[in-house]
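Asks: Generate coordinates for the sequence data below:
(chains A, B, C and D)
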Protein chains: 2
Amino acid sequence: MPTPKKNRPARPATLADVGRVAGVSAMAASAVLNGARTSSRISDETRARILKAAGELEYRPNAAARALANRRMDTLGVAAVIDGAEVNHYFLDVFNGVLAAAAAHEQNTTVFSLHNWGDDARRLRTFCDGRIDGLILVAPTLPAEEAVLPSHTPFISIHANARLPGVINIETDEERGAFEMVKLLIAHGHRRVMHIAGPTGQLGPERRVRGYRRALAAAKLPTPPELVLVSKSFATEDGFAAMREWLRAHAGDRLPTAIFCANDGIAIGAMQALAEAGLRVPDDVSVAGFDDSLAARICVPQLTSVRQPLRAMGSRAVELLLARIDHKLPASTPSVVFPVEVVSRVSTRPPLGPDRLVPGR
Amino acid sequence: MPTPKKNRPARPATLADVGRVAGVSAMAASAVLNGARTSSRISDETRARILKAAGELEYRPNAAARALANRRMDTLGVAAVIDGAEVNHYFLDVFNGVLAAAAAHEQNTTVFSLHNWGDDARRLRTFCDGRIDGLILVAPTLPAEEAVLPSHTPFISIHANARLPGVINIETDEERGAFEMVKLLIAHGHRRVMHIAGPTGQLGPERRVRGYRRALAAAKLPTPPELVLVSKSFATEDGFAAMREWLRAHAGDRLPTAIFCANDGIAIGAMQALAEAGLRVPDDVSVAGFDDSLAARICVPQLTSVRQPLRAMGSRAVELLLARIDHKLPASTPSVVFPVEVVSRVSTRPPLGPDRLVPGR
DNA sequence: CTGAAAGCGCTTACAG
DNA sequence: CTGAAAGCGCTTACAG
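Replies: Coordinates of the predicted model:
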């Protein structure tokens, strides 16, 4: 009796199976089905037989066996904090760039999610145990004693908050972004410009403060100390808290006419605190953010912000990491700096009339 | 001359290396270092020697070799559209749940990013080639002819937009969420409630419309056809476009007092269109969304929405997928339905005074 | 143009 | 309690 389906094995077909059905060796099947390079060695007739057999047997390469033989997982890791509210947009943009480039190079991407860099730095090491060929660190804030990373794994960082020895960092010209933003506000006619800075001790926030100060100095404007606040984190809640507290403490004082915030999250928090105090953006105060995250476009009013090419940075990280894995990169390759760009939206405008006062209670 | 560092090999240490240094077999080293189960067979003294040798040699298991021997990659795949603006928040919540559960089970998570389900369905199949043990489909909208998925890979779907044979679907009671939301608006005193529906032909949007209609019917309120709009997609732009067009077409007509939108993105778009027309939320119109995404909390005013336990759903997907991989799940396991919950914020309030009219030009 | 052999580094029975 | 052998499915020299 004919049993056409019966010879389909319970386990997935291997190259040996394909070879057997096609009447050739497993090696020939390998050349045709998996090895692009050597496949030219096989005659067209044989190749056709092999392809046919593979189709019938539903052959699929075994990724593990291939990885073992090639000493290469074809898998890149991405380590990031992705459960914090404010990192989300940032991460997704970067991640989309990583995924696109990884797919273009036929690499898998596996994600290692940290709760925070301080506590999870050690866990990170266990991730470098051979399941990935290299690792991209997204906005790492590694404690100094963990900065020396496992030498057997190639790393690339994006927006690292401290230097990591031997790791190429992909960053942006944040100081310039802040400078251009504040310069624009000044060009609009603003003279009292507040800055709500990000958490202290990190490279990014510090660069943004520097750009802010430099722009004021360039316009020969003073920087009153009471106009520089610090938010505890990049989260909306903390921006809200910083702004609200300042408004309480300065009831009756002159309001700034513009507020430049260290990121969009803080800016949105500040807008919420201003709304609570009965102040309107941009009529009473202009507000600007940084990152041009999705949040900047969905908040009402839409937020003027500083765009960073996050997606392109994610893709570049993949390119550099692959080059490093293949030892095509000199050990001392310098950092890569991407440009930034001010994006104007409705949350900023030239000041209206005379300076306003902070509403009292 | 003493050369303590010299015997460190260029290639990573293997179990055989560890065994050699410790004076035992590779198998004993395997039992101690990798196999939790069988490790009890080794004496404490030997175990200590092996551990010491592994430390000195910086032994790390080779993931590929282990996967090959175990016939198991210990890797789960996640397939989703993640470059569309509006899926981002939704995806990240689900993904965080997936990552947490995967980490708890010591599984890696690799992401397969689709541009859209229609075009990439075939590419999806190549992803099921042995590099993953199973795949989670996030909000799939597979064309009917692709609904039959490769039989060698176990699947779980979340919020599937059409039935997939043999795939357990994790979903929420969307109809009830819509019903409860509209019921709440009615309880606030709203009588003219608009609905901006999501894209047609998908399960989710249809369920939300049904809940809306059922709530109106339950309150014996009519559903004027002109109060049900359809947004082309879940994106903010399309919500904006739908609302704006309606406002233009209905200048001078009575405004609804509340608008229930099929998701937060559409709701935010609607709020932007209302703002453009000089209408204020919630004083002139209440607006409610669905999903309770991060966007709902960062938009101004913060959005009343329907929360779905996305994170928990992501975790559950991992649990079910692992059970299916281990053949611990009967083939005909039914869908899993999670509850939803209305979250009230400032974008909704009881109507103020008499009905307003749509501003003319 | 094609094949037989060895090896990637691990684990799982099977012996002792 | 411990070890020698075989095998997971692929690829890479090396022969013919």
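Asks: Pull out the buried residues from whatever helix or strand A:Arg244 lives in.
Replies: Taking DSSP states H and E as the definition, A:Arg244 sits inside helix A:236-249. Within helix A:236-249, the residues that qualify as buried are A:236-244, A:246-247, counting by 16 or more other CB atoms under 10 Å in any protein chain shown. Backbone N, C-alpha and C define where each C-beta goes, glycine included.
Asks: Output those of these also counted as contacts of chain B.
Replies: A:Thr236 (CB under 8 Å from any CB of the partner chain).
Asks: Quick check: of the buried residues of helix A:236-249, which lies closest to A:Val209?
Replies: A:Ala242 (14.0 Å; CB to CB).
Asks: which ones are touching that closest one?
Replies: A:196, A:229-232, A:266, A:269-270 (CB atoms under 8 Å, 6 or more residues apart in numbering or on different chains).
Asks: just A:Ser335 next, same as before
Replies: Per CB under 8 Å, 6+ apart, neighbours of A:Ser335: A:168-171.
Asks: Scan the residues you listed and report the most crowded one.
Replies: Among those, the one with the most neighbours (other CB atoms under 10 Å in any protein chain shown) is A:Ile168, at 24 neighbours.
Asks: how about that residue, what does it touch?
Replies: Counting by CB under 8 Å, 6+ apart, A:Ile168 touches A:156-157, A:320, A:324, A:329, A:333-336.
Asks: So which other helices or strands are in contact with the lengthiest helix in chain A?
Replies: Longest helix in chain A, counting residues (DSSP state H): helix A:87-104. Judged by 3 or more CB pairs under 8 Å, 6 or more residues apart in numbering or on different chains; DSSP states H and E, helix A:87-104 is in contact with strand A:75-81, strand A:108-114, strand A:134-138, helix A:294-298, helix A:310-325, helix B:87-104, strand B:108-114.
Asks: which parts of the longest one are buried?
Replies: Residues B:87-102 are the ones in helix B:87-104 that count as buried (16+ other CB under 10 Å).
Asks: can I assume A:Ser30 is in contact with A:Leu15?
Replies: Yes: here A:Ser30 reaches A:Leu15: they are 5.2 Å apart, a contact under CB atoms under 8 Å.
Asks: Who has more neighbours out of these two?
Replies: For A:Ser30 and A:Leu15, the more surrounded residue by other CB under 10 Å is A:Leu15, and the numbers stand at 23 against 20.
Asks: Wasn't A:Val306 part of a strand?
Replies: Yes: judged by DSSP: H, G, I helix; E, B strand; the rest coil, A:Val306 forms part of a strand.
Asks: residues in contact with it?
Replies: A:177-178, A:180-181, A:288-292, A:340-343.
Asks: if you set the cut-off to 10 Å instead, what comes out?
Replies: A:172-174, A:176-181, A:208, A:211, A:260, A:263-264, A:288-292, A:296, A:340-343 (CB atoms under 10 Å, 6 or more residues apart in numbering or on different chains).
Asks: wait, what's in contact with the most centrally placed residue in chain A?
Replies: Closest residue to the average C-alpha location of chain A: A:Val94 at 3.3 Å, with CA atoms, centre = their mean. Contacts for A:Val94 (CB under 10 Å, 6+ apart) come out as A:78, A:80, A:87, A:136, A:138-139, A:158-159, A:170, A:308, A:310-315, A:317.
Asks: coming back round to it: for A:Ser30 and A:Leu15, list the residues in contact with both.
Replies: Common neighbours of A:Ser30 and A:Leu15 (CB under 10 Å, 6+ apart) are A:50, A:61.
Asks: now the longest helix of chain A and strand B:108-114, what's the angle there?
Replies: 80 degrees (axes from the mean of the first three to the mean of the last three CA atoms, to 10 degrees).
Asks: tell me the mean pLDDT for helix A:87-104?
Replies: For helix A:87-104, the mean per-residue pLDDT is 91.
Asks: swap in stretch A:147-156?
Replies: Mean predicted lDDT for stretch A:147-156 stands at 83.
Asks: Would that stretch count as contacting DNA strand C?
Replies: No: Stretch A:147-156 lies apart from DNA strand C when judged by CB under 7 Å from any atom of the strand; the minimum separation is 12.0 Å.
Asks: circling back: output the buried residues of helix A:236-249 in a markdown table, with pLDDT and distance to B:Thr304 appended to each entry.
Replies: What follows is the buried residues of helix A:236-249, written out as a markdown table (pLDDT from 0 to 100; distance: CB to CB, whole Å):
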| residue | pLDDT | distance to B:Thr304 |
| --- | --- | --- |
| A:Thr236 | 90 | 18 |
| A:Glu237 | 91 | 19 |
| A:Asp238 | 95 | 24 |
| A:Gly239 | 96 | 22 |
| A:Phe240 | 95 | 19 |
| A:Ala241 | 97 | 23 |
| A:Ala242 | 98 | 26 |
| A:Met243 | 98 | 24 |
| A:Arg244 | 97 | 23 |
| A:Trp246 | 97 | 29 |
| A:Leu247 | 97 | 26 |
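Asks: re the thing from before, export the helices and strands packed on helix A:87-104 to a markdown table and append columns for distance to B:Leu255.
Replies: Below are those laid out as a markdown table (distance: least, CB to CB, whole Å):
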| stretch | distance to B:Leu255 |
| --- | --- |
| strand A:75-81 | 44 |
| strand A:108-114 | 45 |
| strand A:134-138 | 45 |
| helix A:294-298 | 23 |
| helix A:310-325 | 39 |
| helix B:87-104 | 29 |
| strand B:108-114 | 39 |
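Asks: looking at these, which one has the lowest mean pLDDT?
Replies: helix A:294-298 (a mean of 83).
Asks: right, quick check: that one against chain B, any contact?
Replies: Yes: Helix A:294-298 comes into contact with chain B (CB under 10 Å from any CB of the partner chain), by way of A:294-298.
Asks: Next, please give the residue ranges for the strands of chain A.
Replies: Listed in chain order, the strands of chain A (DSSP state E) span A:75-81, A:108-114, A:134-138, A:155-158, A:168-172, A:193-197, A:228-230, A:258-261, A:286-288, A:305-307, A:336-338, A:341-343.
Asks: re the thing from before, so how far is the longest helix of chain A from its chain's centroid?
Replies: Its chain's average C-alpha position is 7 Å from that of helix A:87-104, according to CA atoms, centre = their mean, to the nearest Å.
Asks: That helix versus strand A:75-81: what angle between them?
Replies: Using the same axes, to 10 degrees: helix A:87-104 against strand A:75-81 is 170 degrees.
Asks: Using CSV, write out the CA atom coordinates for helix A:87-104.
Replies: Provided in CSV are the C-alpha atoms of helix A:87-104 (Å, rounded to 0.1, in the frame of the first residue of the first chain):
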residue,chain,number,x,y,z
VAL,A,87,12.8,55.6,28.8
ASN,A,88,10.2,54.0,26.8
HIS,A,89,10.0,56.3,23.8
TYR,A,90,13.7,56.7,23.8
PHE,A,91,14.3,53.0,23.9
LEU,A,92,11.8,52.2,21.2
ASP,A,93,13.3,54.5,18.7
VAL,A,94,16.8,53.2,19.3
PHE,A,95,15.5,49.6,19.3
ASN,A,96,13.7,50.0,16.0
GLY,A,97,17.0,51.2,14.5
VAL,A,98,18.8,48.2,16.0
LEU,A,99,16.2,45.8,14.7
ALA,A,100,16.2,47.2,11.2
ALA,A,101,20.0,46.9,11.0
ALA,A,102,20.1,43.5,12.6
ALA,A,103,17.5,42.2,10.2
ALA,A,104,19.5,43.6,7.3
